[in-house]
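> Give me coordinates for this.
(chains A, B, C and D)
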There are 2 protein chains.
Amino acid sequence: MTQKQNQKKLTSIEKALEIMLKFQGKKISWGIRELGGELGFSPATVQRILQVLKSYEFVRQDPNTRQYFIGNVFYRFIETLHHSNRLTAIGRKFMEEVTANTRETVHLNIMEGDLRICIDSIESSQVLKAGMPIGNQSPLYAGASAKCLLAFSNDEYKNEYFKKTKLLPVTENTIVDPAQLKTEIKKIKGQGYAISLGERTPGLGSLSAPVFDYKGMIQASLSLAIPEIRIKQKDHLSTCIQILTSAANKFSKALGLAH
Amino acid sequence: MTQKQNQKKLTSIEKALEIMLKFQGKKISWGIRELGGELGFSPATVQRILQVLKSYEFVRQDPNTRQYFIGNVFYRFIETLHHSNRLTAIGRKFMEEVTANTRETVHLNIMEGDLRICIDSIESSQVLKAGMPIGNQSPLYAGASAKCLLAFSNDEYKNEYFKKTKLLPVTENTIVDPAQLKTEIKKIKGQGYAISLGERTPGLGSLSAPVFDYKGMIQASLSLAIPEIRIKQKDHLSTCIQILTSAANKFSKALGLAH
DNA sequence: AACGGTGTTTCGACATGTGGAACACTTGGG
DNA sequence: CCCAAGTGTTCCACATGTCGAAACACCGTT
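Next comes the predicted model:
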C-alpha cells in the first residue's frame, strides 16, 4: 500500500522499501518519473532514495538506458534465506522421503503475501521429469501448490483474496471464473489435497498437500510435479497422493514439536 | 562501512540498509542491542527501524526467542534477480554447451563485494556429480571459481583485497598464506584459468575461466565442478580446460556484442 | 529548431528522526 | 526469594534531516 493508494504519509524508510518492492514482479526496470508516478513520490524524492539504494547495491542503473534494475546485493541473501528458514531445515527429510518413494520432483512452497513461492526442491531421478527453480512464483489461484495454500487459509483471508484478486489466465487451463475457483477451493479443502493439470505449465501436473503449524495455521504446501503422462496413470497417482499426504502430516507434526 | 566504522553520519535509509545487510552472512539472527552494538546505533533507533522492516516483511521476529531474522519478502526477489541479469540470459547457452560437452556441472559466478556468489548452474547428467545451489557464496580466496574472479580483477582491487582480507581456512586445503595466495593468483592470471582441489569442499575439484565485458573488465567466472576422481584423469581435465576456456571466450564476445 | 520527454540538482520551508533514560520483563545464580 | 544482568520496548525534548516545486542539462524525435 503506497502513499498514493491509501494517502497515509510514509516515512523515508517506508518510501525506500516501497521503491525496492517495485523491483520484484513483472516489470524489471524503472525510470525515476515512472516510479514517482506509480508511487506518488516526487522525482527528487525518488532520485535521492535511488542514489542511496544504488550506493548500497540494492539497485543498479544501466549506464546506457539509465533505467534502474534490482541490484546484485540481493544474491547475498539467498543462502541466508535458506539457512534461517526452519521450514526448509525441518522439511528436507520429508521431501527426500517423498521423492525417493514417488520418484517425482518435490517442492516446498510458501505463501508470500498473495503469491506462492517455491522455497526448496528436489528433482526427480527419472529421465522425464518436471520441476521449477527456487524462487519461482505464481498467484494463489494457479496450480495445485498455490491453490492448496489458498484452500487451507482461514476464511477471512480467503474472502479478502476473492474480493480483491483479478483472475488473469496463466495458461488456457487456468481457472478464471470466480464461482468455479471457489468451488474448486472448497473441494480441495474437503479432500485434503489439491491436483491440477496444466494450469501454470502445459503438460505438467501438480499434486499438493498442506503443512500446518502447531496452531493449525497453514505454513507451506508440499508438492509433486508430475509429467502429464504419469499423472494420468491411476495407480501412480493413488500412490503419490498417499505418500505425499502422509509426509505432509508428519511434517506438520514435526513443526509442532519444534515449536 | 557503518557509522561506527568510519564515523560518517548515516541517514535513516542508510541505517535501515546497514541493518538489512546484517541479515546475510554467518549470523542469522540478531537482538536489538546486539545490532545496536555492532552498528553503533542506539537501541531505540534499531527498534524503530526493525519495526518498519518487520511491517514490510524484510525481517521477521521469532515470537519465542524474540530474535530477528531475515524476512520472507526476499524470496520475491529471486525470480527477478534471475530475469533481469543479462549474464544469466546471455550465459545460459554457453553453460548448456559446456555441460553437454564435458558432462560436468557448470556454474556461473559473480563477484559481489568481496564474495563470490553462484548465480546460475546446470547439473551434470552423470551419476557421480558435484555442484552447489544458486546463492552459494564464498570468500574470493577459496576455490577456483572465486580465485579466478580475484585474479582477473584490476591491480587496485587486488592490492586492496590482499591488504584488508584475513585469510581464514574453509577446509584444510584452503590457501591461507598471503604470499602463497599472491603467487597462486599470479599463476592463474598467467595461464588464463584456475584449478583447485578441495579448497572449499573436500573431494571436489573446480575449474574456472574468466568472462569479461567489452572493456575487459571481469564480469563473471564460468566454472566446472568436477569430482576428484575425474579431475585427476589428465585427458578429461585437458578436454574440460579447452571446452571451458573456449566457451568463456565466446561468452565474453557475446557480452561485448550485447553492449 | 522545437517539443516532449528523461535524469539530476537546488534550497527554503517544514517535518521527521534521534537517543538517553526509563520501563517491563526474562533468565539464571546465589 | 532476591538480585543482577541482560533483553525488548517506549517516551519525548531536541536536533537535524527530508521534501518537492522549479529549474537545469540532456536526448531522441519530428
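> only C-alpha atoms for contact and neighbour calcs from this point on.
Fine.
> Have a look at chain A and report the helix or strand with the lowest mean pLDDT.
Taking mean pLDDT, DSSP states H and E as the measure, the helices and strands of chain A show their lowest mean at helix A:3-6, namely a mean of 50.
> Give me every residue in the stretch 1-150 of chain A lying close to DNA strand D.
Within the stretch 1-150 of chain A, the residues that sit near DNA strand D (Cα under 7 Å from any atom of the strand) are A:11-12, A:15, A:41-45, A:48-49.
> Identify the residues contacting A:L181.
The neighbourhood of A:L181, defined by Cα atoms under 8 Å, 6 or more residues apart in numbering or on different chains, consists of A:141, A:175.
> Now do the domain split for chain A, please.
Split into domains by automatic domain parsing, chain A comes to A:3-75, A:85-257.
> quick one: is the shortest one near DNA strand C?
Yes - Domain A:3-75 reaches DNA strand C (Cα under 7 Å from any atom of the strand) through A:9-13, A:30-34, A:43-44, A:47-48, A:66-67.
> Checking the residue located most distally from the centre of chain A next. Helix, strand or coil?
Going by Cα atoms, centre = their mean, the residue of chain A most distant from its centre is A:A44, 34.1 Å out. For A:A44, the reduced secondary structure class is helix; criterion used: DSSP: H, G, I helix; E, B strand; the rest coil.
> How much space separates it from A:L50?
Computed with Cα to Cα, to the nearest Å, the distance linking A:A44 and A:L50 is 10 Å.
> A:S196 too?
42 Å.
> how many neighbours does A:S42 have?
Using other Cα atoms under 10 Å in any protein chain shown, A:S42 has 13 other residues around it.
> Report the residue spans of the stretch 151-259 of chain A with pLDDT below the cut-off.
When the per-residue scores of the stretch 151-259 of chain A are filtered using pLDDT under 70, the ranges that remain are A:257-259.
> Mind jotting down where the strands sit in it?
The residue ranges that make up the strands of the stretch 151-259 of chain A, judged by DSSP state E, counting those that start in this stretch, are A:194-197, A:204-212, A:218-227.
> would you turn those strands into CSV with distance to B:A144 and mean neighbour count?
Rendered in CSV, the data for the strands of the stretch 151-259 of chain A read as follows (distance: least, Cα to Cα, whole Å; neighbours: other Cα atoms under 10 Å in any protein chain shown):
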stretch, distance to B:A144, mean neighbour count
strand A:194-197, 43, 22
strand A:204-212, 38, 26
strand A:218-227, 35, 27
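> which one of these lies closest to A:K250?
Proximity to A:K250, assessed across the strands of the stretch 151-259 of chain A by Cα to Cα, is greatest for strand A:204-212 (8.8 Å).
> Can you tell me the strand partners of the closest one and which way each runs?
strand A:194-197 (antiparallel), strand A:218-227 (antiparallel) (DSSP bridges).
> picking up where we left off before, report the contact partners of the residue farthest from the centre of chain A.
Listed by Cα under 8 Å, 6+ apart, A:A44 has no contact partners.
> Going by proximity to DNA strand D, name the top residue of chain A.
Distances between chain A and DNA strand D by Cα to the nearest atom of the strand are smallest at A:S12, namely 4.0 Å.
> That residue and B:I13 touch, don't they?
Yes - in terms of Cα atoms under 8 Å, A:S12 counts as a neighbour of B:I13; the distance is 6.8 Å.
> More neighbours: the two, which one.
Applying other Cα under 10 Å to A:S12 and B:I13 shows that B:I13 carries more neighbours, namely 20 against 14.
> Nearest residue to the more buried one in space, please, no chain neighbours.
In space, not counting the residues next to it along the chain, B:I13 is nearest to A:I13; the distance is 5.2 Å by Cα to Cα, 6 or more residues apart in numbering or on different chains.
> Give me the distance between the closest residue to A:A248 other than its chain neighbours and A:L222.
Distances taken as Cα to Cα, 6+ apart place A:V211 nearest to A:A248, at 5.5 Å, with adjacent residues excluded. Using Cα to Cα, one obtains 7 Å as the distance from A:V211 to A:L222.
> Name the residues contacting each of the two.
In terms of Cα under 8 Å, 6+ apart, A:V211 and A:L222 are both contacted by the residues A:A248.
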